[in-house]
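>>> This is a predicted model, with the sequence first.
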Amino acid sequence: MTSSFLTIKTLNCPWNFSKQYGASLKSSKFRLRFNSRCKSGGQQDAGMQKRALQAAIHSAALRFVESHRSEPLFHDPYAGCFVELELYKGVSLNIQNVSTSYLNNYCLATRFIDDKLLGNVNIHSSIRQVVLLTDGMDTRPFRLKWPPLTMLFDISFEPVFEIASKKLKEVGVKTSRNSIFRHIPPEASDMQEKLKGMGYRGDRPSTWAIQGFHPMTSDRFEEIIYQISCLAMKDSQVVGEIPLTIINTDSGAEDLARKWIEKVFRRNGFLVDFISYEDVARDVGQHLVNVEGGELRSVLFVAQQQRLSDDQEWPLLHFCYCILRPDFFFVCVCVCEGKCLTSWSWFHSLDKGA
């Protein structure tokens with residue numbers, strides 16, 4: 001009896017041979033890994049929900065205070081509705097501790113991300129897909145002026161998003177009639193399918209932003225960047241702010257953290273540049289005073305996709321066939337634009353006793 005096994009190793013290949021040939025490729029391999037982690041952490045404890053809500057309200061308070069400075073970096077007319085503390089049992093926040101006398105990194109990052117997102121969609125008329133990975137209380141879909149027919153996708157922690165949505169509805173906040181807004185919970189095991197089911201197209205340009213996403217761990221960060229690499233069309237941009245707390249490094253190990261983050265991006269096909277908060281402050285004509293005392297707790301980045309998305313690769317596939325040779329070797333040939341997308345290896349075993 002003769003048995004043959006084909007293993008296909010690929011860097012960025014969308015089609016799935018796993019059911020027929022036992023090959024685990026990019027999309028299917030990620031889906032299995034992502035599903036198992038979602039299931040293991042599917043039951044969110046009250047502590048996680050409280051921490052996520054606390055962080056989101058604190059960020060909203062920073063935006064609220066920034067909006068009332070004499071020379072604000074941005075104006076968020078909706079942040080104040082999240083800071084009514086009596087709405088949130090067990091969540092405390094002393095707004096008086098949020099100073100209005102200095103710029104903080106979070107607000108600088110918010111201004112920087114706002115400018116990048118609006119710049120992308122206004123300069124490039126083909127970009128009408130905006131994906132936001134947020135803390136659930138992000139108001140960009142409502143406070144920024146998006147071009148007509150812009151599709152906005154918010155990926156955020158479901159319990160926080162539900163509280164924020166309820167409050168926004170109470171005060172009459174709505175998205176523009178010219179744009180479409182959709183929410184996708186990151187807890188869903190089929191997040192990629194849900195995103196596409198709501199209208200996202202991986203063969204069309206998009207721009208992405210990450211700020212305040214919860215929970216953010218090193219493993220979760222790697223999964224997110226891997227997933228974006230599957231979904232984002234070539235040359236799409238990802239901009240955001242990443243907390244250094246996701247990496248278990250010693251105090252002040254900013255360089256080590258940057259190298260790790262850069263490695264994750266490069267491994268998934270992105271070129272990444274890190275932006276200093278001082279440069280952002282200088283660009284907006286203001287001076288950053290470090291009164292937060294401490295060390296830099298986050299890094300600001302801009303990354304550009306260098307690979308094809310999964311949806312882009314499908315039209316390029318000219319043909320793929322599998323031949324069973326007389327000596328029971330499987331030969332698989334995949335040709336795309338005259339180039340072989342995959343490298344393959346085979347293992348042939350012969351049961352001499354058959």
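Done, it's in.

>>> CA only for contacts and neighbour counts going forward, please
Will do.

>>> Go through the helix or strand encompassing Lys167 and flag the buried ones.
Using DSSP states H and E, Lys167 sits in helix 158-170. Of the residues in helix 158-170, 158, 160-161, 163-164, 167-168 count as buried by neighbour count, 16 or more other Cα atoms under 10 Å.

>>> ditto for stretch 131-149
131-144, 146-147.

>>> picking that back up, could the buried residues of helix 158-170 go into TSV alongside pLDDT and distance to Glu71?
Formatted as TSV, those follow (pLDDT from 0 to 100; distance: Cα to Cα, whole Å):
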residue	pLDDT	distance to Glu71
Glu158	92	34
Val160	94	30
Phe161	95	30
Ile163	93	30
Ala164	94	27
Lys167	93	27
Leu168	94	26
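
>>> So which residues of this protein form strands?
2-9, 129-133, 150-155, 179-184, 207-210, 237-243, 270-275, 298-305, 317-324, 330-336, 339-340, 343-350 (DSSP state E).

>>> which other helices and strands contact the fourth one?
Strand 179-184 sits against strand 150-155, helix 191-197, with contacts defined as 3 or more Cα pairs under 8 Å, 6 or more residues apart in numbering; DSSP states H and E.

>>> Most tightly packed of the ones you listed?
Using mean count of other Cα atoms under 10 Å, the stretch among the helices and strands packed on strand 179-184 with the largest mean neighbour count is strand 150-155, at a mean of 22.

>>> burial measure for the closest residue to His75 other than its chain neighbours, as a count.
By the measure of Cα to Cα, 6 or more residues apart in numbering, the closest residue to His75 outside its immediate chain neighbours is Ser67, 4.7 Å from it. Applying other Cα atoms under 10 Å, we find 20 residues neighbouring Ser67.

>>> just the one 5 residues further on next, same as before
Close neighbours of Pro72, defined as other Cα under 10 Å, add up to 16.

>>> cool, and Leu108?
21.

>>> Would you quantify the distance from it to Arg63?
According to Cα to Cα, to the nearest Å, Leu108 stands 10 Å off from Arg63.

>>> again with Arg282
For Arg282 relative to Arg63 (Cα to Cα), the value is 20 Å.

>>> Give me the more crowded residue out of the two.
A count of neighbours by other Cα under 10 Å puts Arg63 above the other of Arg282 and Arg63, at 24 against 11.

>>> okay, the nearest residue to Ser218 once chain neighbours are set aside: pLDDT?
Leaving out its chain neighbours, the residue that sits closest to Ser218 by Cα to Cα, 6+ apart is Ile246, at 5.0 Å. What the model reports as pLDDT for Ile246 is 84.
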